[in-house]
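Engineer: sequence first, then the predicted structure, then my questions.
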Amino acid sequence: MSAGSWGHFYAGAGGVDYFLRHLSIHAEFLKQILSRRPRKILEAGCGSAIMSTFFSMAGLEVVACDRDEGVLAKAAQISREWNARVRFVKQDLLDLSFAPDEFDASFSQGVLEHMGDADIRTVGAALLKVSPTFIFSVPSVYYRHKDFGDERLLTKEAWEKILAPVGHFQARYYYEERVKRNFLLKRPLMILGVLTR
């Protein structure tokens, strides 16, 4: 596994601290998904699958997909450690083979910022075929660093412009942190997007 691979990136994921911190940071995102009362959901680009694991523990039927076998192996290991029942599937988001309306909702966290505009629209349209709602989270322009190196850190308005042709789209900022240079100033580090047909 190369140092620049996603499998390497998630090699240290897991454990109680990682699990709770990740869920805490994205509490608003998780609540948005749960507010739609889905029974069966798809995580598109699962990474460590912490969120899929959480949703499975909450009683939802969860399918998690990723195109990287190393990532899927690590995600399955984490899921097993929490006694969750997530079904992991190797799929490329640009070439999904799920049935139309197979899921009540689909979601991703930290995926779309690694894609260009055309691919983002392709993925959004594909996910709206397999579910009526696609909810995602990406780092905002205020995030200030790149975890993997190829992230595009955009404003909420930029995401609205990219996804307007695909369906009805709403976005808002969440998870604020104080700026190191000025501890009185808070900046929203994440964007929550909801794309519907």
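Structural biologist: Perfect, thanks for sending it. This is a predicted model, so every value here is computed, not measured.

Engineer: can we go C-alpha only for contacts and neighbour counts from here?
Structural biologist: Will do.

Engineer: select the longest strand from the protein.
Structural biologist: strand 182-196 (DSSP state E).

Engineer: mind checking the pLDDT average for that one?
Structural biologist: For strand 182-196, mean pLDDT rounds to 88.

Engineer: same deal with stretch 152-165?
Structural biologist: In the prediction, stretch 152-165 has an average pLDDT of 97.

Engineer: so what's the residue count around the residue nearest to residue 190 when sequence neighbours are not counted?
Structural biologist: Spatial nearest neighbour of residue 190, excluding adjacent residues (CA to CA, 6 or more residues apart in numbering): residue 139 at 4.4 Å. Residue 139 has 28 neighbours, counted by other CA atoms under 10 Å.

Engineer: assign residue 139 to helix, strand or coil.
Structural biologist: strand (DSSP: H, G, I helix; E, B strand; the rest coil).

Engineer: is it true that it touches residue 110?
Structural biologist: Yes - under the criterion of CA atoms under 8 Å, residue 139 makes contact with residue 110 at 7.0 Å.

Engineer: picking that back up, check contacts around the residue nearest to residue 190.
Structural biologist: Applying CA atoms under 8 Å, 6 or more residues apart in numbering, we find residue 139 in contact with 110, 113, 153-154, 189-191.

Engineer: try it again at 7 Å.
Structural biologist: 110, 153, 189-191 (CA atoms under 7 Å, 6 or more residues apart in numbering).

Engineer: from those, pick the one nearest residue 35.
Structural biologist: residue 191 (17.5 Å; CA to CA).

Engineer: count of neighbours near that closest one?
Structural biologist: Neighbours of residue 191 using other CA under 10 Å come to 22.

Engineer: over to residue 36?
Structural biologist: 11.

Engineer: am I right that it sits in a helix?
Structural biologist: No - under three-state DSSP, residue 36 sits outside any helix and is assigned coil.

Engineer: do you know how far it is from residue 109?
Structural biologist: As for residue 36, its distance to residue 109 is 17 Å (criterion: CA to CA, to the nearest Å).

Engineer: and residue 92, by the same measure?
Structural biologist: Where residue 109 is concerned, residue 92 sits at a distance of 16 Å (CA to CA).

Engineer: more neighbours: which of the two?
Structural biologist: residue 109 (23 against 15).

Engineer: now do the contacts for that one.
Structural biologist: Counting by CA under 7 Å, 6+ apart, residue 109 has contacts 136-138.

Engineer: likewise residue 131?
Structural biologist: 101-106 are the contacts of residue 131 under CA under 7 Å, 6+ apart.
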